[in-house]
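Engineer: The following block contains a protein sequence and its predicted model.
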Amino acid sequence: LVDEEGVDVLMLQETKLQESHVAEVEAALYEALGGGEAWRAAWACSTARKGYAGVSTLWRRRVGDAACRPLSVDPAHEADREGRALLWELSGASAAGGGGGVAEELHKLDLRVGRVLKVERHSEADSLYVEEVDLGEPTGPRRVVSGLVKYMTAEALLGRRVVLLANTKPSKLKGVESQAMLLCAFAADGSAVELVELMIDYYERVILD
């Protein structure tokens, strides 16, 4: 599929990936992609004690080197290595082929504006909130699980206008199904996080050009 679509960049997430797993997983990924000589990778992994998710970004060497590193919260804090995100910068890269490139792929994102109706702490994970977000759908609010506890209070989230990526595949986080992704903006040094808040009508779809 990677070759058929002409993909230059892969972004992957795995539950409970730890640094001790990286060498084995990276070798398996390179083999599946046809050899490490064509690809490079960067990782942000959980510590053995916390066991949170790890993430990886892989890119074709032909698109050039990248400034790709774990996103830091605080170099002195244990959460610094909890596999939250990777920052990367690439020039000339394509997320998918087929002629449309990145712009075409961006139009596939179903980004919609909603309102946070309810916020609770996850019963099985201290770092997670479980939110109910109204998108104006006849099926009712979406349940969203987000790792924002360390960045903002539940009171700060409640009632906020937010942007959701609504066409992601539902996934379970610590036993609770998350039905969308909440968009946030991170400071370059990871010291702060802000909700992406667009002053357009509730339930409207956001189009990226």
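Structural biologist: Nice, thanks for sending it over.

Engineer: pretty sure Gln179 is touching Pro170, no?
Structural biologist: Yes - here Gln179 lies in contact with Pro170, judged by Cβ atoms under 8 Å, at a distance of 5.0 Å. From N, CA and C alone the C-beta is placed, and that goes for glycine too.

Engineer: who's more crowded, the two?
Structural biologist: Using other Cβ atoms under 10 Å, the more surrounded residue of Gln179 and Pro170 is Gln179, with 19 against 10.

Engineer: ok, the more buried one to Gly136 distance?
Structural biologist: In this structure, Gln179 lies at 14 Å from Gly136, with Cβ to Cβ, to the nearest Å as the measure.

Engineer: Also Glu204?
Structural biologist: Taking Cβ to Cβ, one finds Glu204 at 9 Å from Gly136.

Engineer: Please identify the helix or strand for the closest residue to Ala154 other than its chain neighbours.
Structural biologist: Computed as Cβ to Cβ, 6 or more residues apart in numbering, the closest residue to Ala154 that is not its neighbour in sequence is Val119, at 4.2 Å. When secondary structure is defined using DSSP states H and E, the element that contains Val119 is strand 111-121.

Engineer: packing partners for that strand?
Structural biologist: Contacts of strand 111-121 with other secondary structure elements, assessed using 3 or more Cβ pairs under 8 Å, 6 or more residues apart in numbering; DSSP states H and E, are made with strand 129-134, helix 154-157, strand 161-165, strand 205-206.

Engineer: quick one, which of these is nearest to Ala38?
Structural biologist: Closest approach to Ala38 among the helices and strands packed on strand 111-121 (Cβ to Cβ): strand 161-165, 29.7 Å.

Engineer: buried stuff in that closest one?
Structural biologist: When burial is assessed from 16 or more other Cβ atoms under 10 Å, strand 161-165 yields the following buried residues: 161-164.

Engineer: Select the longest helix from the protein.
Structural biologist: When the chain is parsed with DSSP state H, its longest helix is helix 22-32.

Engineer: Compute the inter-axis angle for the helix or strand that that helix is followed by and helix 22-32.
Structural biologist: Reading on from helix 22-32 to the C-terminus, the next helix or strand found by DSSP H and E is strand 39-44. What separates the directions of strand 39-44 and helix 22-32 is an angle of 150 degrees, with axes from the mean of the first three to the mean of the last three Cα atoms, to 10 degrees.
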